[in-house]
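Engineer: What follows is a predicted protein model with its sequence.
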Amino acid sequence: MGKIRKRWKGYSDEELEDEEFEDSEEIDEDDEEEDDEEEEDEEDEIEDEEEWDEEERRAYRRRRRIRNQVIVYCVIFFVILGITAGGFLAGRKVIYSIRQKRQEAEEAKKLEEERLAQEENEELVIDTPEPVEEEPIEEEDILGELAASYYSEMSLEDKVAGLFMVTPEAVTGVRTATKAGEGTQEALSQYAVGGMIYFSQNILDEEQIAKMLANTATMSNYPIFLAVDEEGGEVSRVANSKVEVDKVEDMASIGESGDVTKAHEAGTTIGSYLSEIGFNVDFAPVADVTVDGVKSALGNRAFGSDPQLVGEMAASVVEGLEGTGVSACLKHFPGLGSTAEDTHEGRVEISRSADELKETDFVPFSAGIEAGVDFVMVSHATAPALDEDNVPSSLSKKVITDILRGELGFEGIVITDALNMTAITDYYTPEEAAVMAIEAGADMLLMPEDFEKAYNAVLTAVQDGTISEERINESLDRIYRVKCAGKLEEGSVK
């Protein structure tokens, strides 16, 4: 088109060719420039593309890394969630299993209990021979065995001597005994008496009486009772001597106070100093019930006229005494409170009826027996309502065996009042009184008028069969049960 335009202007072909050549050169140059520019642009574009690609790759890698982290976190989360859920389910399963086993065990136990209960309730009908009654198994009687170990090996002479309680003068022959020496040793070797009783003339001071008692106990071949009358008030052999002890007022004053604790304190006080000196038996308390308006020979030795109060007082003294290791003795059964006479001076009769005696006089003795008293002393008073033969109660089988043992249930030692009292000596010889008392059920004979005569009479009665040796053993068993009881508590046996 350029050629046409130039030819139109009048240019020749050569000029046109030259111009075309020049134009072509220019065009070629322009094209080269354009090509260079395009190449540069392409290179720039490539560089731009390369830069963009690098950034894109870097962003892509970053996105992929974030995505991978998210995936890892999700995986970890679901793993933990799975473990937790699994543990929870496993825990529930274990708990369920434990509960199920526990429930099964409880059900099994319940079924077993029901089965056993049913078996117990079922009556078994079995054809068997008539049942043989089994003898009840007796509890081991240690005290009884210990008591028997003493008297079972004794000679008959020693057994009979063991039933007597006498003064030291009665066996030694001395006028007044104030010590236990060779004379006592010889006397105890010949007569193994069951006990000795001491009075004011035997007590000079604490050291002297304590030594005398200790020597006597050592010299005896068997355990021996060492007794005294220590009632409180006027009848207190130790407290009214030169021995310094806490004195106790008479029982009448304590009874008037109505305070039972004072009676217990009296027993504890007396028992404490007697035990310290060496005595192991106290002939107290007086359990007689007096009568208002009647002057009793007992004076202020009794607690009073109310049977219930006297019973409480007497039982409290018993508990106080025996709590110290000293045996107590209720006296004077079946009761001297209603009498004005004194058995020391002559015959005494209890005029009360049997019902009156049971409702009044027996009440304190029952209370004392319930309290565990070791001794009961039986008086020499006669009680026609209890024994129509009108013999002294101390010699009456009806009073001792039938009533004291049978009705009141006393199982301890029954001892007579002193057999040298006029109420006995005016009517019976020493031999008669001793044998009658044993036959009546007495265990110990206190102070016979003539010890040797009384002893020989009982020995002869056993030898000729008038009194059985088994009867003597019965009394010795009761005597040695009391003697050995203290030794069991102390843990030693002589």
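Structural biologist: Thanks, I have the structure now.
Engineer: For the rest of this, base every contact and every neighbour count on C-alpha atoms.
Structural biologist: Fine.
Engineer: List the buried residues for stretch 253-260?
Structural biologist: For stretch 253-260, a neighbour-count test (16 or more other Cα atoms under 10 Å) marks 254-255, 258, 260 as buried.
Engineer: out of those residues, who's nearest residue 168?
Structural biologist: Checking the buried residues of stretch 253-260 against residue 168 with Cα to Cα, the nearest one is residue 254 at 32.9 Å.
Engineer: For the closest one, give its distance to residue 316.
Structural biologist: Noted for residue 254: a distance of 12 Å to residue 316, by Cα to Cα, to the nearest Å.
Engineer: Same check on residue 156?
Structural biologist: The value you get for residue 156 to residue 316, if Cα to Cα is used, is 39 Å.
Engineer: Between those two, tell me which one has more neighbours.
Structural biologist: Under the neighbour definition other Cα atoms under 10 Å, residue 156 and residue 316 were set side by side, and residue 316 has more, 25 against 17.
Engineer: Strands - which of the buried residues of stretch 253-260 land there?
Structural biologist: Of the buried residues of stretch 253-260, none are assigned to strands by DSSP state E.
Engineer: Just put those residues in TSV and tack on pLDDT and distance to residue 344.
Structural biologist: Below are the buried residues of stretch 253-260 laid out as TSV (pLDDT from 0 to 100; distance: Cα to Cα, whole Å):
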residue	pLDDT	distance to residue 344
254	98	26
255	97	25
258	96	30
260	97	30
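Engineer: Can you name the residues in contact with the strand ranked longest in the chain?
Structural biologist: Identified as the longest strand of the chain according to DSSP E is strand 327-333. The contact list for strand 327-333 (Cα atoms under 8 Å, 6 or more residues apart in numbering) reads 280-288, 314, 318, 321-322, 362, 365, 368, 373-379, 393, 417.
Engineer: Apply 6 Å and report the result again.
Structural biologist: Strand 327-333 has contacts (Cα atoms under 6 Å, 6 or more residues apart in numbering) with 281-287, 318, 373-379.
Engineer: Cross those against strands and list the overlap.
Structural biologist: Of those, the ones assigned to strands by DSSP E are 281-282, 375-378.
Engineer: Generate JSON lines for these, with neighbour count, distance to residue 304 and pLDDT as supplementary columns.
Structural biologist: Below are the ones in strands among the contacts of strand 327-333 laid out as JSON lines (neighbours: other Cα atoms under 10 Å; distance: Cα to Cα, whole Å; pLDDT from 0 to 100):
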{"residue": "281", "neighbour count": "27", "distance to residue 304": "24", "pLDDT": "98"}
{"residue": "282", "neighbour count": "28", "distance to residue 304": "21", "pLDDT": "98"}
{"residue": "375", "neighbour count": "27", "distance to residue 304": "21", "pLDDT": "98"}
{"residue": "376", "neighbour count": "29", "distance to residue 304": "19", "pLDDT": "98"}
{"residue": "377", "neighbour count": "24", "distance to residue 304": "19", "pLDDT": "98"}
{"residue": "378", "neighbour count": "26", "distance to residue 304": "20", "pLDDT": "98"}
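Engineer: Among these, which one lies nearest to residue 241?
Structural biologist: residue 282 (16.1 Å).
Engineer: show me the contacts for that closest one.
Structural biologist: 227-229, 328.
Engineer: Most neighbours of all those, which one?
Structural biologist: That'd be residue 328 among the contacts of residue 282, by other Cα under 10 Å, with 29 neighbours.
Engineer: I'd like the distance from stretch 236-246 to the chain centre, please.
Structural biologist: How far stretch 236-246 lies from its chain's middle: 36 Å, per Cα atoms, centre = their mean, to the nearest Å.
Engineer: For that stretch, give me every contacting residue.
Structural biologist: So stretch 236-246 is in contact with 200, 205-206, 230, 247, going by Cα under 6 Å, 6+ apart.
Engineer: Repeat that for stretch 445-461.
Structural biologist: Contacts of stretch 445-461 (Cα under 6 Å, 6+ apart): 164-166, 415-416, 418-420, 430-431, 434-435, 467.
Engineer: For it, buried residues please.
Structural biologist: So for stretch 445-461, counting by 16+ other Cα under 10 Å, buried means 445-449, 451, 453-461.
Engineer: Name the nearest of these relative to residue 275.
Structural biologist: For the buried residues of stretch 445-461, the nearest to residue 275 is residue 446 (21.3 Å; Cα to Cα).
Engineer: give me the low-pLDDT residue ranges for this protein?
Structural biologist: For the chain, applying pLDDT under 70 flags the ranges 1-56, 59-60, 72, 75, 79, 81-102, 105, 116-140, 487-494.
Engineer: For it, which segments are assigned as strands?
Structural biologist: 164-166, 195-198, 225-228, 230-232, 235-236, 281-282, 327-333, 375-378, 413-416, 445-446.
Engineer: Mind putting those into a markdown table with distance to residue 474?
Structural biologist: Shown next, in a markdown table, are these (distance: least, Cα to Cα, whole Å):
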| stretch | distance to residue 474 |
| --- | --- |
| strand 164-166 | 15 |
| strand 195-198 | 17 |
| strand 225-228 | 18 |
| strand 230-232 | 29 |
| strand 235-236 | 32 |
| strand 281-282 | 21 |
| strand 327-333 | 20 |
| strand 375-378 | 15 |
| strand 413-416 | 10 |
| strand 445-446 | 15 |
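Engineer: if we compare these, which one ends up closest to residue 58?
Structural biologist: Nearest to residue 58, of these and by Cα to Cα, is strand 327-333 at 116.7 Å.
Engineer: residues contacting residue 230?
Structural biologist: Shown in contact with residue 230 (Cα under 6 Å, 6+ apart): 236-237.
Engineer: try 8 Å this time
Structural biologist: Here residue 230 is in contact with 236-239, 270, 282-284 (Cα under 8 Å, 6+ apart).
Engineer: Select only the buried ones of those residues in PyMOL?
Structural biologist: Buried subset of the contacts of residue 230, written as a PyMOL selection, criterion 16+ other Cα under 10 Å:
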select buried, resi 236+237+238+239+270+282+283+284
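Engineer: export the contacts of residue 230 to TSV and tack on distance to residue 333?
Structural biologist: Listed next are the contacts of residue 230 as TSV, based on distance: Cα to Cα, whole Å:
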residue	distance to residue 333
236	21
237	22
238	25
239	26
270	22
282	16
283	13
284	12
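Engineer: which one of the contacts of residue 230 is nearest residue 221?
Structural biologist: residue 282 (22.2 Å).
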